[in-house]
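Participant: could you work out the structure for the sequence below:
(one chain, ligands or ions: 1)
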Amino acid sequence: MRLFRPQPRITLAVADEAAAIAGLYTRAWERHRGRLDERLISDQTPGADEVAAWLNGGFEVFTATLDGQLVGVVRCSFPTGTCLVDRMAVDPDRNSGGVGRVLAEHAIARARRAGVTKVWVQATPKLEEVVNLYRSLGFRESAHLRAHYWGEDVTLMELPL
Ligand SMILES: CC(C)(COP(=O)(O)OP(=O)(O)OC[C@H]1O[C@@H](n2cnc3c(N)ncnc32)[C@H](O)[C@@H]1OP(=O)(O)O)[C@@H](O)C(=O)NCCC(=O)NCCS
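Facilitator: Below is the predicted model of the structure:
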(Lines give C-alpha, C1' and ligand atoms only; values in the text may rest on other atoms or scores of the structure.)
Protein backbone atom coordinates (compact mmCIF):
# COMPACT_ATOMS: atom_id res chain seq x y z
CA MET A 1 0.00 0.00 0.00
CA ARG A 2 2.30 2.74 -1.27
CA LEU A 3 -0.15 5.54 -0.37
CA PHE A 4 0.25 4.97 3.35
CA ARG A 5 4.00 4.50 3.52
CA PRO A 6 5.63 6.69 6.19
CA GLN A 7 8.27 8.97 4.70
CA PRO A 8 11.74 8.41 6.13
CA ARG A 9 14.02 11.35 6.87
CA ILE A 10 17.21 11.23 4.81
CA THR A 11 20.37 12.86 6.16
CA LEU A 12 24.10 12.81 5.51
CA ALA A 13 25.70 10.41 7.98
CA VAL A 14 28.33 11.59 10.45
CA ALA A 15 31.24 9.72 12.03
CA ASP A 16 29.55 8.74 15.27
CA GLU A 17 26.90 6.78 13.34
CA ALA A 18 29.45 4.29 11.99
CA ALA A 19 28.69 1.50 14.48
CA ALA A 20 24.93 1.77 14.02
CA ILE A 21 25.32 1.69 10.23
CA ALA A 22 27.58 -1.37 10.42
CA GLY A 23 24.95 -3.09 12.59
CA LEU A 24 22.28 -2.31 10.02
CA TYR A 25 24.35 -3.92 7.23
CA THR A 26 24.74 -7.06 9.33
CA ARG A 27 20.97 -7.29 9.94
CA ALA A 28 20.06 -6.51 6.33
CA TRP A 29 22.31 -9.17 4.76
CA GLU A 30 21.71 -11.91 7.34
CA ARG A 31 18.68 -13.33 5.51
CA HIS A 32 20.77 -13.88 2.36
CA ARG A 33 23.24 -16.19 4.11
CA GLY A 34 23.24 -19.58 2.42
CA ARG A 35 21.69 -18.10 -0.71
CA LEU A 36 24.59 -15.86 -1.74
CA ASP A 37 28.31 -16.52 -1.65
CA GLU A 38 29.84 -15.80 1.75
CA ARG A 39 32.47 -13.53 0.11
CA LEU A 40 29.74 -11.20 -1.13
CA ILE A 41 28.01 -11.17 2.25
CA SER A 42 31.29 -10.49 4.00
CA ASP A 43 32.12 -7.61 1.64
CA GLN A 44 28.68 -6.07 2.11
CA THR A 45 28.80 -6.22 5.91
CA PRO A 46 31.70 -3.94 6.84
CA GLY A 47 32.67 -3.34 10.45
CA ALA A 48 32.35 0.02 12.17
CA ASP A 49 35.98 0.92 11.39
CA GLU A 50 35.46 0.52 7.66
CA VAL A 51 32.24 2.57 7.72
CA ALA A 52 34.04 5.24 9.76
CA ALA A 53 36.75 5.36 7.07
CA TRP A 54 34.09 5.98 4.38
CA LEU A 55 32.65 8.79 6.48
CA ASN A 56 36.07 10.37 6.85
CA GLY A 57 36.34 11.02 3.14
CA GLY A 58 35.72 9.91 -0.40
CA PHE A 59 32.10 8.87 0.09
CA GLU A 60 28.77 10.38 0.98
CA VAL A 61 26.67 8.07 3.11
CA PHE A 62 22.99 8.85 3.58
CA THR A 63 20.84 7.38 6.31
CA ALA A 64 17.08 6.99 6.50
CA THR A 65 15.36 7.33 9.85
CA LEU A 66 11.77 6.79 10.90
CA ASP A 67 10.76 8.24 14.27
CA GLY A 68 14.44 8.81 14.97
CA GLN A 69 15.33 5.16 14.36
CA LEU A 70 17.93 4.18 11.74
CA VAL A 71 16.13 2.11 9.08
CA GLY A 72 18.25 2.43 5.93
CA VAL A 73 21.53 3.49 4.38
CA VAL A 74 23.01 4.16 0.94
CA ARG A 75 26.45 5.30 -0.23
CA CYS A 76 27.43 7.60 -3.11
CA SER A 77 30.82 8.20 -4.66
CA PHE A 78 31.79 10.18 -7.72
CA PRO A 79 34.38 8.39 -9.88
CA THR A 80 35.37 10.20 -13.10
CA GLY A 81 32.33 12.38 -13.58
CA THR A 82 29.78 9.69 -12.76
CA CYS A 83 27.99 8.69 -9.56
CA LEU A 84 28.28 5.17 -8.17
CA VAL A 85 25.44 4.28 -5.83
CA ASP A 86 26.10 1.24 -3.70
CA ARG A 87 25.88 -0.23 -0.20
CA MET A 88 22.14 0.25 0.06
CA ALA A 89 20.48 -1.64 2.88
CA VAL A 90 17.19 -1.42 4.76
CA ASP A 91 16.34 -2.83 8.16
CA PRO A 92 14.68 -6.22 7.51
CA ASP A 93 11.79 -5.25 9.79
CA ARG A 94 11.01 -2.46 7.30
CA ASN A 95 11.48 -4.34 4.00
CA SER A 96 9.04 -3.58 1.19
CA GLY A 97 7.95 -0.43 3.07
CA GLY A 98 9.36 2.02 0.54
CA VAL A 99 12.55 3.01 2.37
CA GLY A 100 14.84 1.56 -0.32
CA ARG A 101 13.03 3.47 -3.04
CA VAL A 102 13.30 6.77 -1.13
CA LEU A 103 17.04 6.19 -0.54
CA ALA A 104 17.66 5.37 -4.20
CA GLU A 105 15.70 8.45 -5.32
CA HIS A 106 17.69 10.58 -2.91
CA ALA A 107 20.97 9.23 -4.31
CA ILE A 108 19.84 10.01 -7.88
CA ALA A 109 18.85 13.55 -6.85
CA ARG A 110 22.28 13.97 -5.24
CA ALA A 111 23.93 12.82 -8.48
CA ARG A 112 21.90 15.37 -10.47
CA ARG A 113 22.97 18.14 -8.12
CA ALA A 114 26.58 17.05 -8.57
CA GLY A 115 26.16 17.54 -12.32
CA VAL A 116 27.26 14.04 -13.33
CA THR A 117 26.06 12.49 -16.58
CA LYS A 118 25.49 8.93 -15.36
CA VAL A 119 24.56 6.95 -12.25
CA TRP A 120 25.84 3.39 -11.83
CA VAL A 121 24.65 0.58 -9.63
CA GLN A 122 25.64 -3.07 -9.36
CA ALA A 123 23.17 -5.78 -8.48
CA THR A 124 23.42 -9.50 -8.28
CA PRO A 125 20.70 -10.98 -10.53
CA LYS A 126 19.71 -13.39 -7.74
CA LEU A 127 18.33 -10.39 -5.84
CA GLU A 128 15.45 -9.74 -8.18
CA GLU A 129 13.92 -7.11 -5.89
CA VAL A 130 17.05 -4.98 -6.24
CA VAL A 131 17.09 -5.24 -10.04
CA ASN A 132 13.34 -4.44 -10.09
CA LEU A 133 13.82 -1.42 -7.89
CA TYR A 134 16.53 0.06 -10.12
CA ARG A 135 14.65 -0.78 -13.33
CA SER A 136 11.60 1.01 -12.00
CA LEU A 137 13.77 4.10 -11.45
CA GLY A 138 14.90 4.08 -15.09
CA PHE A 139 18.17 2.14 -14.81
CA ARG A 140 18.99 -0.25 -17.64
CA GLU A 141 21.31 -3.26 -17.61
CA SER A 142 24.55 -2.37 -19.37
CA ALA A 143 26.83 -5.33 -18.59
CA HIS A 144 26.96 -8.67 -16.84
CA LEU A 145 30.09 -9.97 -15.25
CA ARG A 146 31.28 -12.80 -13.13
CA ALA A 147 32.68 -11.14 -10.03
CA HIS A 148 35.11 -13.82 -8.92
CA TYR A 149 35.99 -11.86 -5.79
CA TRP A 150 32.33 -12.20 -4.71
CA GLY A 151 31.66 -15.63 -6.22
CA GLU A 152 28.48 -14.22 -7.78
CA ASP A 153 27.32 -12.81 -11.09
CA VAL A 154 26.88 -9.07 -11.11
CA THR A 155 24.70 -6.90 -13.34
CA LEU A 156 25.89 -3.37 -13.97
CA MET A 157 23.02 -0.95 -14.43
CA GLU A 158 23.20 2.65 -15.58
CA LEU A 159 20.96 5.68 -15.57
CA PRO A 160 21.95 8.49 -17.93
CA LEU A 161 21.01 11.89 -16.47
C1 LIG B 1 17.15 -4.12 -1.47
C2 LIG B 1 16.58 -3.35 -0.30
C3 LIG B 1 17.53 -2.19 0.02
C4 LIG B 1 15.20 -2.80 -0.71
O5 LIG B 1 14.71 -1.99 0.33
P6 LIG B 1 13.12 -1.93 0.63
O7 LIG B 1 12.91 -0.79 1.54
O8 LIG B 1 12.65 -3.26 1.05
O9 LIG B 1 12.56 -1.60 -0.83
P10 LIG B 1 11.21 -0.82 -1.16
O11 LIG B 1 10.14 -1.21 -0.22
O12 LIG B 1 11.51 0.63 -1.31
O13 LIG B 1 10.84 -1.43 -2.58
C14 LIG B 1 11.30 -0.79 -3.75
C15 LIG B 1 11.00 -1.64 -4.95
O16 LIG B 1 11.77 -2.82 -4.86
C17 LIG B 1 11.05 -3.88 -5.38
N18 LIG B 1 10.78 -4.84 -4.30
C19 LIG B 1 10.88 -4.62 -2.96
N20 LIG B 1 10.60 -5.75 -2.28
C21 LIG B 1 10.32 -6.68 -3.24
C22 LIG B 1 9.99 -8.06 -3.18
N23 LIG B 1 9.87 -8.72 -2.01
N24 LIG B 1 9.79 -8.72 -4.35
C25 LIG B 1 9.93 -8.07 -5.54
N26 LIG B 1 10.25 -6.76 -5.65
C27 LIG B 1 10.44 -6.09 -4.52
C28 LIG B 1 9.80 -3.33 -5.96
O29 LIG B 1 10.08 -2.89 -7.30
C30 LIG B 1 9.56 -2.12 -5.10
O31 LIG B 1 8.78 -1.21 -5.80
P32 LIG B 1 7.49 -0.48 -5.13
O33 LIG B 1 8.04 0.70 -4.45
O34 LIG B 1 6.66 -0.14 -6.31
O35 LIG B 1 6.82 -1.44 -4.19
C36 LIG B 1 16.42 -4.26 0.95
O37 LIG B 1 15.63 -5.36 0.61
C38 LIG B 1 17.74 -4.76 1.54
O39 LIG B 1 18.33 -4.12 2.40
N40 LIG B 1 18.21 -5.94 1.09
C41 LIG B 1 19.47 -6.51 1.56
C42 LIG B 1 20.65 -5.73 1.08
C43 LIG B 1 20.64 -5.54 -0.44
O44 LIG B 1 20.27 -6.41 -1.21
N45 LIG B 1 21.08 -4.34 -0.86
C46 LIG B 1 21.14 -3.97 -2.25
C47 LIG B 1 22.54 -4.08 -2.71
S48 LIG B 1 22.74 -3.41 -4.32
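Participant: give me every residue that touches residue 145.
Facilitator: 153, 154, 156 (C-beta atoms under 8 Å, 6 or more residues apart in numbering). Where you see a C-beta, it was placed from the backbone N, CA and C, and this is true even at glycine.
Participant: give me the sheet partners of the worst-scoring helix or strand of the chain on mean pLDDT and which way each runs.
Facilitator: Taking mean pLDDT, DSSP states H and E as the measure, the chain has strand 140-147 as its least confident helix or strand, at a mean of 93. Strand 140-147 has the following sheet partners, assigned by DSSP bridges: strand 152-160 (antiparallel).
Participant: do the partner strand and the ligand come into contact?
Facilitator: No - contact of strand 152-160 with the ligand (C-beta under 6 Å from any ligand atom) is absent, the minimum separation being 9.5 Å.
Participant: quick check: closest non-adjacent residue to the residue of the chain found nearest the ligand.
Facilitator: Closest residue of the chain to the ligand, C-beta to the nearest ligand atom: residue 100 (2.4 Å). Among residues not flanking residue 100 along the chain, residue 90 sits closest, at 5.0 Å (C-beta to C-beta, 6 or more residues apart in numbering).
Participant: any idea which helix is longest in this structure?
Facilitator: Using DSSP state H, we find that the single longest helix of the chain is helix 99-114.
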